[in-house]
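Trainee: quick one: sequence plus predicted model below, questions after.
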Amino acid sequence: MTNLSVRKFFAAAAAMACLSFVPHSALAIAPGANLPDFADLVDKVGPAVVNIRTTSRVSTASGQRAVPPGMDEGDMSEFFRRFFGIPLPQAPNSPRGGGRGDKGGRGDRGGSPDQSDNGDGGEQNNGVGSGFILSSDGYVMTNAHVVDDADNIYVTLTDKREFKARLIGVDDRTDIAIVKINAANLPSVTIGDSNKLRVGEWVLAIGSPFGLDNTVTEGIVSAKGRETGDYLPFIQTDAAVNPGNSGGPLVNMQGEVIGINAQIYSRTGGFMGIAFAIPIDEAMRVAEQLKSTGKVVRGRIAVSIGQVTKDVSDSLGLPRAEGALVSNVEPGGPADKAGIQPGDIILKFNGAPVEADTDLPRMVGDTKPGSKATVTIWRKGQSRELPITVVQTLPEKVAKADAHEAPAAKARPSNPLGVTVSDLSADQLKSMKLSTGGVQVEAVDGPAARVGLQKGDVIVRIGDTDVSSAKQFDQVAAHLDSQKMVPVLVRRGENTQFVPIKPHTPGK
């Protein structure tokens with residue numbers, strides 16, 4: 001080895017020796033140097049995030065509700081809501097678990113009904129959720145399912161002040177609700193633009209998972225425009241969202257609210273790395289109408305639509321799979337009057353492309369009733385334009401009356417499960433291979449809505465009884481024990497699973 005080679009060898013060895021004495025912590029700093037610091041964002045947004053607790057009036061004679069141990073009914077509804085097939089241990093007549101704490105925590109004011117002094121009844125906690133203050137005068141936004149069927153709504157601020165809130169309005173279709181508390185000079189959030197959101201951006205979720213107030217989790221935007229079968233596409237994120245986070249804000253790195261945490265995908269009831277938020281631009285459009293009138297007015301053209309698959313587009317000569325396939329036209333409705341027929345494919349609405357069937361309801365819904373529009377359809381190998389007049393959708397749920405006013409009657413299916421069903425045709429039963437029969441869900445309310453049943457689901461069995469007709473369904477449902485969970489075998493798409501439902505007490 002030459003002198004030059006020897007010098008190079010010892011120089012390299014010395015460098016390696018020095019490197020070995022560098023503290024590991026110093027080496028670990030470099031890769032994380034560009035990670036964001038969320039502390040300032042939490043200081044900015046956190047005070048405007050609230051805890052929402054709901055209660056219902058109960059009679060002392062009714063006893064406690066049957067729910068699985070370690071859970072309250074609000075948790076159960078959130079586990080099952082919207083995402084079908086989340087397992088739940090059945091434990092009829094079990095005591096209620098703590099809703100705002102974990103195993104021996106505070107619970108929902110103790111986790112048991114607060115009975116009134118006269119013995120005639122009291123309040124029982126339904127569950128907890130989250131929300132955020134829109135304006136300093138006390139308007140709060142949350143999810144509709146957080147306040148659904150509540151007789152009383154309580155909003156707790158980060159400074160521990162609690163207010164009884166008044167429900168301004170709810171929109172079940174987008175799962176948005178606005179409540180109002182009697183307070184002033186409140187901290188409020190800054191509203192961002194969800195259209196500018198990019199996949200991969202850092203985001204924060206703030207809320208009350210499992211009742212743990214003002215909990216902060218972070219993640220990134222996993223996807224945009226995620227379709228989950230509801231009215232609007234969602235923001236998908238991997239920020240940890242759990243039961244109780246519903247209604248809380250999703251915040252970007254500028255401290256702006258760009259979404260409302262609303263749903264999780266889960267096989268266990270807890271977070272599995274996928275959560276969904278309602279885009280704030282749509283939420284604010286809904287909020288303005290709720291604040292003005294207590295309800296949301298949307299347009300409709302009275303058609304039933306389905307997906308345009310590649311096989312369908314190829315067979316019809318469409319260049320690509322796009323648009324909405326018309327499966328049914330309501331007689332005498334706007335589409336019928338415009339000349340739209342079953343089998344047509346709607347390619348554009350008012351000049352805007354309909355990329356997928358889920359786009360059309362949003363486009364039509366955002367159109368003011370009474371407006372003239374143009375629909376571009378594909379029929380028999382060619383496109384044509386048809387003029388159409390948009391009409392108003394059927395009335396949806398409006399704000400409940402104030403506590404000092406007589407509450408308006410709330411229409412609901414008459415059976416204890418809260419489900420309206422219709423018979424399936426022989427062809428439908430054959431195509432779904434339902435040898436024992438089944439009925440199709442047409443409307444849901446109360447117990448069925450809380451566990452996530454939807455219009456279009458097929459009920460195959462109640463308990464051990466196969467359901468063969470709508471008449472038989474009503475007879476079986478009418479005799480269910482309101483104190484016990486009943487397993488209902490439900491088919492949605494290609495999947496069939498039991499969903500436990502607690503029937504409501506007749507007359508309630």
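Mentor: It's in.
Trainee: which ones are touching the closest residue to T358 other than its chain neighbours?
Mentor: Sequence neighbours aside, E227 is the residue nearest to T358 in space, at 5.2 Å (criterion: Cβ to Cβ, 6 or more residues apart in numbering). The C-beta positions use only the backbone N, C-alpha and C, and glycine is treated the same way. Neighbouring residues of E227 by Cβ atoms under 8 Å, 6 or more residues apart in numbering: P233, F234, A356, T358.
Trainee: check what pLDDT E227 gets.
Mentor: Listed pLDDT for E227 reads 72.
Trainee: one more: P319?
Mentor: We note a pLDDT of 86 for P319 in this prediction.
Trainee: gap between the residue nearest to T358 and E355?
Mentor: 11 Å (Cβ to Cβ, to the nearest Å).
Trainee: the residue nearest to M253 when sequence neighbours are not counted bridge partners, please.
Mentor: Nearest non-adjacent residue to M253, counting by Cβ to Cβ, 6+ apart: W202, 5.4 Å away. Legend: beta-bridge partners of W202 under DSSP bridges are I220.
Trainee: can you pull out the helices in the stretch 51-200 of the chain?
Mentor: Applying DSSP state H, counting those that start in this stretch to the stretch 51-200 of the chain gives helices spanning 73-80, 144-147.
Trainee: lowest-confidence stretch among those?
Mentor: Ranked by mean pLDDT, the helices of the stretch 51-200 of the chain bottom out at helix 73-80, with a mean of 52.
Trainee: ok, back up a step: burial of the residue nearest to M253, as a residue count?
Mentor: Using other Cβ atoms under 10 Å, W202 is surrounded by 16 other residues.
Trainee: surely it touches S222?
Mentor: No. Counting by Cβ atoms under 8 Å, W202 stays clear of S222, with 12.0 Å between them.
Trainee: which stretches of the stretch 201-350 of the chain form helices?
Mentor: Under DSSP H, counting those that start in this stretch, the stretch 201-350 of the chain gives helices at 280-293, 310-316, 334-338.
Trainee: got the buried residues for the second one?
Mentor: If you call a residue buried by 16 or more other Cβ atoms under 10 Å, then helix 310-316 has these buried ones: S313, L316.
Trainee: quick check: bridge partners of the nearest residue to L250 once chain neighbours are set aside?
Mentor: Nearest non-adjacent residue to L250, counting by Cβ to Cβ, 6+ apart: G259, 3.6 Å away. Beta-bridge partners recorded for G259 (DSSP bridges): L250, P279.
Trainee: list the residues that contact the residue nearest to T293 when sequence neighbours are not counted.
Mentor: Distances taken as Cβ to Cβ, 6+ apart put G169 closest to T293, at 7.4 Å, once the chain neighbours are dropped. Taking Cβ under 8 Å, 6+ apart as the criterion, G169 is in contact with A177, I178, Q289, L290, K291, T293, G294, K295, V296, V398, A399.
Trainee: just among those residues, which is most surrounded?
Mentor: That'd be A177 among these, by other Cβ under 10 Å, with 31 neighbours.
Trainee: ok, what's across the strand from it?
Mentor: T142, V170.
Trainee: tell me the contacts of it?
Mentor: For A177, the residues meeting the contact criterion (Cβ under 8 Å, 6+ apart) are 141-144, 146-147, 167-171, 247, 290.
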